[in-house]
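Trainee: got a structure for you, letters missing:
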């Protein structure tokens, strides 16, 4: 198999690549070649079994995308995106990458004769906007309240339509907020959800810009990689025309997140969390969903994390192995 | 006021223009100028009070759109679209007009300094796709099953986002299937809904491609014009971030439509309806919604037709006055 990961230098994309390189297989089939594409070169290398090509560029450039797709990968993982905070701040850049870039990928596939790859598209729970159902079901309206959410939802509509037309075999997965993100904060407005775990575990203070009763929907990096691998290999027939699914996650309030941190790491860690209310972030987060009933995703085999302390312990393990 | 109607040669667009020209006002304010744009020149002329400019061109050409928007109309009605049947048959054309054309209009507005017009966008119940709720509510998922529906829904997402950003003051109205369309059938897969009324009233046979128990959602041309005029002048504040509304209509089965035809025009008219099942149209229509609970639209003052015989009688009156 030949694979293409667009967005391979990002946290989830690189982790997906490393997992594939570790096994050298996808869905039991040997992987021969993996192209790792991103706006910056991904830190990945070939293994004995898999030839890795690292390539950098911009998906808003159609010729670049045409070149990637001309390799005719069997599976394309599309994770590249301008994140929510940046897409909100830079309207043109958000639309150029998140809408035009996605469309370029889909159109480049359509331009190839007799080519119908599996396309795994990472969408987001940001496609939903307040007011919400108490637990958002699979038939609830997608009414985004950020440009990022609108762009992700447009990608979903395109993916459904191109799949319905038989141009490719698409599946969209709406990732929960991923915690714990390692490294430095990115420009996502959701960054603090990781920060209030990651920084205290490293003995650093972290700012909490929202109230303790804010409820949100989480998955670990491991769970996200699991979603992507399952999406790449599962039978898409049961999805019918609705090929985008809310992934299963864990719903917790900030208070519950901090209780989990206390359970794993003690009062000292929690004491590093400083309450610094930020009305901009509060406003954005107020428009975000809190809880889901991801029945469709569960029915086709996607699996959530066990519990929040497990997510924290996995992060601690990752840090030790880094 | 200065108005722009994009799609002014179409049935609904021209009717909207004629209504505005008749009163010379919009929402009680005098209209000085109306630009009537379409792919073909609209059959419209200036009146004593309103200077009409008829212009033809293609909204998929950005420069053409820039020229239209440079006039800085106070209200823009965007009705131009490749209809469902044609968008399904010609993938490129549907996306070029329905997606790129709409985006060009929105971007041209954004490019103007200090310019925030009211934009009235005609969407469609084709943004919904099966399986449905029994009566589709305002929070039901929009999951289109045609390229036309996907393109219309992408327009809704853009309209919501541009409005949220304060670029313009947008409102989207999801029109029911409009009956009775006068003249020749267009390429919409829904054309037969008008045909089975229009042709029998003219003493001609009409083909019915679907079963008698098919239920659908209807409004008259008069109701559609009423929706557009109300959308152009209403307070959009109560809509919040969700600026696209399912318009109120009438839900009837084909059998009920034919009963209304019989009530208005007798058995002879109904005898002109010939059952010629067409699996392609059956398939498309099977993915269409049947009934709605348009609570939001009703709450902000949109009004449905009284009943189906009234729709048929209005068509007979229009034909007599044509």
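Mentor: On my side now, so go ahead. Since the structure is predicted, the reported quantities are computational estimates derived from the model, not experimental observations.

Trainee: Apart from its chain neighbours, what residue comes closest to residue A:29?
Mentor: The spatially closest residue to residue A:29, leaving aside those adjacent along the chain, is residue A:1, at 5.2 Å (CB to CB, 6 or more residues apart in numbering or on different chains). In this view, the C-beta of every residue, glycine as well, is placed from N, C-alpha and C.

Trainee: Roughly how far does the one you found sit from residue A:131?
Mentor: 44 Å (CB to CB, to the nearest Å).

Trainee: Looking only at neighbour counts, state which of those two leads.
Mentor: More neighbours surround residue A:1 than the other of residue A:1 and residue A:131, with 17 against 10 (other CB atoms under 10 Å in any protein chain shown).

Trainee: And the pLDDT at the more buried one?
Mentor: pLDDT, residue A:1: 97.

Trainee: same question, residue A:321
Mentor: 88.

Trainee: separation between it and residue A:18?
Mentor: From residue A:321 over to residue A:18 (counting by CB to CB), the distance is 11 Å.

Trainee: Looking at the two, which is more packed in?
Mentor: residue A:18 (12 against 6).

Trainee: contacting residues around the nearest residue to the more buried one once chain neighbours are set aside?
Mentor: Excluding its sequence neighbours, the residue lying closest to residue A:18 (CB to CB, 6+ apart) is residue A:44, at 7.3 Å. Residue A:44 is in contact with A:8, A:14, A:17, A:18, A:21, A:34, A:36, A:52, A:54, counting by CB atoms under 8 Å, 6 or more residues apart in numbering or on different chains.

Trainee: so where's the stretch 101-250 of chain A uncertain?
Mentor: A:185-187 (pLDDT under 70).

Trainee: Residue numbers of it in contact with chain B?
Mentor: A:129, A:133, A:138-145, A:147, A:150, A:153-154, A:157-158, A:160-161, A:164-165, A:241-242 (CB under 8 Å from any CB of the partner chain).

Trainee: So what's the residue count around residue A:51?
Mentor: Residue A:51: 12 neighbours (other CB under 10 Å).

Trainee: same deal with residue A:229?
Mentor: Residue A:229 has 18 neighbours, counted by other CB under 10 Å.

Trainee: For residue A:17, which residues are in contact?
Mentor: Contacts for residue A:17 (CB under 8 Å, 6+ apart) come out as A:5, A:8, A:34, A:36, A:42, A:44, A:52.

Trainee: Now for chain A: which helix has the highest residue count?
Mentor: helix A:147-164 (DSSP state H).

Trainee: continuing past that one, what's the next helix or strand?
Mentor: Sequence-wise, the next helix or strand downstream of helix A:147-164 (DSSP states H and E) is strand A:169-175.

Trainee: Going by proximity to chain B, name the top residue of the stretch 1-150 of chain A.
Mentor: At 4.2 Å from chain B, residue A:150 is the closest residue in the stretch 1-150 of chain A, using CB to the nearest CB.

Trainee: That residue contacts residue B:156, doesn't it?
Mentor: No. Contact between residue A:150 and residue B:156 fails when scored by CB atoms under 8 Å: they sit 9.6 Å apart.

Trainee: more crowded one of these two?
Mentor: The residue with more neighbours, out of residue A:150 and residue B:156, is residue A:150; 30 against 25, by other CB under 10 Å.

Trainee: Okay, that one and residue A:285: tell me how far apart.
Mentor: 17 Å.

Trainee: residues contacting residue A:271?
Mentor: When contacts are counted by CB under 8 Å, 6+ apart, residue A:271 touches residue A:200.

Trainee: Same question for residue A:78.
Mentor: A:6, A:7, A:102, A:105, A:119, A:120, A:121, A:122.

Trainee: hey, what's it bridged with?
Mentor: When assigned by DSSP bridges, residue A:78 has beta-bridge partners residue A:6, residue A:121.

Trainee: Quick check: pLDDT value at it.
Mentor: 98.

Trainee: re earlier: can I get the buried ones among the contacts of residue A:44 as something I can paste into PyMOL?
Mentor: Here is the PyMOL selection string for the buried members of the contacts of residue A:44, based on 16 or more other CB atoms under 10 Å in any protein chain shown:
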select buried, chain A and resi 8+14+17+21+34+36+52+54
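
Trainee: how about the contacts of residue A:44 in TSV, adding secondary structure?
Mentor: Formatted as TSV, the contacts of residue A:44 follow (DSSP: H, G, I helix; E, B strand; the rest coil):
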residue	secondary structure
A:8	coil
A:14	helix
A:17	helix
A:18	helix
A:21	helix
A:34	strand
A:36	strand
A:52	strand
A:54	strand
